[in-house]
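Student: the sequence and its predicted three-dimensional model are supplied below.
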Amino acid sequence: MKRRDRYIARPDEVTVTRDGESALIEYLEKGIPSTNLTIGPRIQQMTDGDIVDLHNECLRGQALLAASYKHVAVEIPLGSPQIKYEKRSNQWVPRGKVLRCQIEDDENGELVVGIDDQELTLEAFGRMLTTYAGWGMRIEIVPDDAIHRRPTHEVREPNEES
């Protein structure tokens with residue numbers, strides 16, 4: 001389920017709802033996420049058109065930043081914790097962008113994901129992944145003694161042995 005992206009909009013393509021020093025910009029087109037834009041006291045002197053212009057300016061700035069972004073998937077070194085418990089959100093969060101995991105199951109056949117010395121239920125593991133909601137993910141299944149190495153990679157249809 002791919003989320004549709006926000007786009008540069010005309011005032012007649014969105015609704016603007018003010019709430020104190022913020023504005024909620026909602027696209028009329030279904031499936032486009034809304035934006036809660038914190039503006040500050042100057043919102044009092046702005047028209048809806050001005051707010052839409054500011055929203056569009058933010059989108060242009062994000063596009064420029066994205067164009068210059070080079071992604072590096074940081075892998076935490078062996079021996080250092082890959083995840084940490086975040087008390088404020090009451091969940092485990094990854095410290096890097098690569099996770100070395102063990103796939104296990106419990107006595108009821110439910111998935112347990114082992115990371116470092118922690119055993120995460122499917123629910124806890126899924127909640128941790130929501131830290132990166134909106135991103136993509138690749139999963140490489142490897143033997144349990146090789147999770148610290150990148151496997152040989154081939155793009156092809158699997159055969160019976162694969």
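Tutor: In hand now; what should we look at? Residues are numbered from 1 along each chain as shown.
Student: what sits against residue 137?
Tutor: Counting by CB atoms under 8 Å, 6 or more residues apart in numbering, residue 137 touches residue 129. From N, CA and C alone the C-beta is placed, and that goes for glycine too.
Student: what about it, which SS state?
Tutor: Per DSSP: H, G, I helix; E, B strand; the rest coil, the secondary structure class of residue 137 is coil.
Student: in this structure, which spans are helices?
Tutor: 48-68, 122-129 (DSSP state H).
Student: output those helices as TSV; include the columns mean pLDDT, mean neighbour count and distance to residue 30.
Tutor: Shown next, in TSV, are the helices of the chain (pLDDT from 0 to 100; neighbours: other CB atoms under 10 Å; distance: least, CB to CB, whole Å):
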stretch	mean pLDDT	mean neighbour count	distance to residue 30
helix 48-68	95	13	18
helix 122-129	96	15	26
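Student: and residue 76, how many neighbours?
Tutor: Per other CB atoms under 10 Å, the neighbour tally for residue 76 reads 17.
Student: just the one 4 residues further on next, same as before
Tutor: Summarising burial for residue 80: neighbours were counted as other CB under 10 Å, giving 9.
Student: ditto for residue 143
Tutor: A count of nearby residues for residue 143, using other CB under 10 Å, gives 8.
Student: same question, residue 111
Tutor: Applying other CB under 10 Å, we find 14 residues neighbouring residue 111.
Student: what sits closest to it if chain neighbours are left out?
Tutor: residue 122 (4.4 Å; CB to CB, 6 or more residues apart in numbering).
Student: can you check residue 141 too?
Tutor: Spatial nearest neighbour of residue 141, excluding adjacent residues (CB to CB, 6+ apart): residue 103 at 7.8 Å.
Student: ok, residue 55 next?
Tutor: residue 25 (5.0 Å).
Student: quick check: bridge partners of that neighbour?
Tutor: Beta-bridge partners for residue 25, by DSSP bridges, are residue 16, residue 35.
Student: returning to that earlier point: please report how far the residue nearest to residue 141 lies from residue 144.
Tutor: 8 Å (CB to CB, to the nearest Å).
Student: so how far is residue 40 from the residue nearest to residue 55?
Tutor: Applying CB to CB to residue 25 and residue 40 gives a distance of 16 Å.
Student: those two: which has the busier surroundings?
Tutor: Between residue 25 and residue 40, counting by other CB under 10 Å, residue 25 is the more crowded of the two (24 against 9).
Student: for that one, what are its contacts?
Tutor: Residues in contact with residue 25 (CB under 8 Å, 6+ apart) are 9, 14-16, 34-37, 51-52, 55.
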